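J.: Take a look and give me a structure for this.
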Amino acid sequence: MTENPHGDDLRSAGSGLPDFTVAEPDALPDHEGQQHVPDLSDPSPRSRRRTLATVLSIVGSGVVLLAVLALVLSQTVFRSVLDQDPEAYDTADRTGEGHSEYVPNPEDPDIAPPPPIFTEKPTTDCTVPEPSPAQRADPGTIRGGDLQYTIPPTWKFAWGSGALPYMTEVDAQGRNVEGSWYSVVNLGRVVWPEEEGGYPGMESAAVSIFQCYATTSGVVAYFGDHPEVTDYRSEAFTVDGSPAWIVQATYHFEDPAVLSTTDSSVVTAVVVEGPDGPSALASDVAADQPEHVQELEDIIDSLEVVE
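T.: Next up is the predicted model:
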């Protein structure tokens, strides 16, 4: 049996269906007394807050996802590219014009200007002493003063004896480069005039002999008045157990067309403190002839102090 919520029996007698004909007009539901239904086109403040929270959550999740993706790429793809050629991405600070600012390394001999000892003119008088003959050398060697070196097989030109600035008892051997140009290594005894203060010590003597040899021994005619100087050094080492000092640099010809097979020379001065006083090596060797440069190193390595 179904009950009317208003308490009236709406079925007609003898019928199983409800009889609505007897219903009173005021029996209809009173919709005017019911609560007003909100207009769905006008969301409530609570709905707006819920929607805003949802949007912000989606945006925040997207930002976090992008950040994670960027971190992964930086540690994988981008890092692998940088590892392939790190030098290509090593840049200096940018200037206001947007170009990379270049700062030279002052310790790089190929970039920085040479120290003051590598001057275009010597800082001493380059006094040439009276020549004295060199003492007899062992077979296959050259002797000057109390130094001796082994002659490389390809150095077949006997340069001869004589005198050089601050060196006597000089002898030398050479190897032809082209025409009248030779790579030459001289040995001799170091002498210093008393009027110039006497022997100045191993380092100062090596510097002076280097400067004089590079600028007054006929070499300057090829170097020019303002040659470029690279690969320079001035340092202590030992020769056959004796203290020594080497000064060395590469001089590039001001006019590279002077010779056809070379345009630079390695100039070297070595002073060795021997038991009977200092002796020295002075040389210039074609810098762009690898065999000549290697043979110069072999000669220096073979130096002996003899009596």
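J.: What is the burial count for the residue lying closest to residue 178 once chain neighbours are set aside?
T.: Nearest non-adjacent residue to residue 178, counting by Cβ to Cβ, 6 or more residues apart in numbering: residue 261, 4.9 Å away. Heads up, the C-betas are built off the backbone N, CA and C, glycines and all. Neighbours of residue 261 under the rule other Cβ atoms under 10 Å: 11.
J.: For residue 239, see how far away residue 261 is.
T.: Distance of residue 261 to residue 239, given as Cβ to Cβ, to the nearest Å: 31 Å.
J.: what do you get for residue 126?
T.: The value you get for residue 126 to residue 239, if Cβ to Cβ is used, is 24 Å.
J.: what do you get for residue 281?
T.: Counting by Cβ to Cβ, the gap from residue 281 to residue 239 is 9 Å.
J.: who has more neighbours, these two?
T.: The neighbour comparison of residue 281 against residue 239 (other Cβ under 10 Å) goes to residue 281, with 29 against 24.
J.: So the residue nearest to residue 178, which state does it fall into?
T.: Under DSSP: H, G, I helix; E, B strand; the rest coil, the three-state class of residue 261 is coil.
J.: is it true that it touches residue 289?
T.: Yes - contact criterion Cβ atoms under 8 Å: residue 261 and residue 289 qualify, at 7.4 Å.
J.: shared neighbours of those two, which are they?
T.: residue 177 (Cβ atoms under 8 Å, 6 or more residues apart in numbering).
J.: so what sits against both of residue 281 and residue 239?
T.: With Cβ under 8 Å, 6+ apart as the test, residue 281 and residue 239 both reach 147, 270, 272, 300, 303.
J.: for these, which one is nearest residue 117?
T.: Nearest to residue 117 among those is residue 270, at 14.8 Å by Cβ to Cβ.
J.: Tell me the helix or strand right after the helix or strand hosting the closest one.
T.: According to DSSP states H and E, residue 270 maps onto strand 264-274. Using DSSP H and E, the helix or strand that follows strand 264-274 in sequence is strand 277-286.
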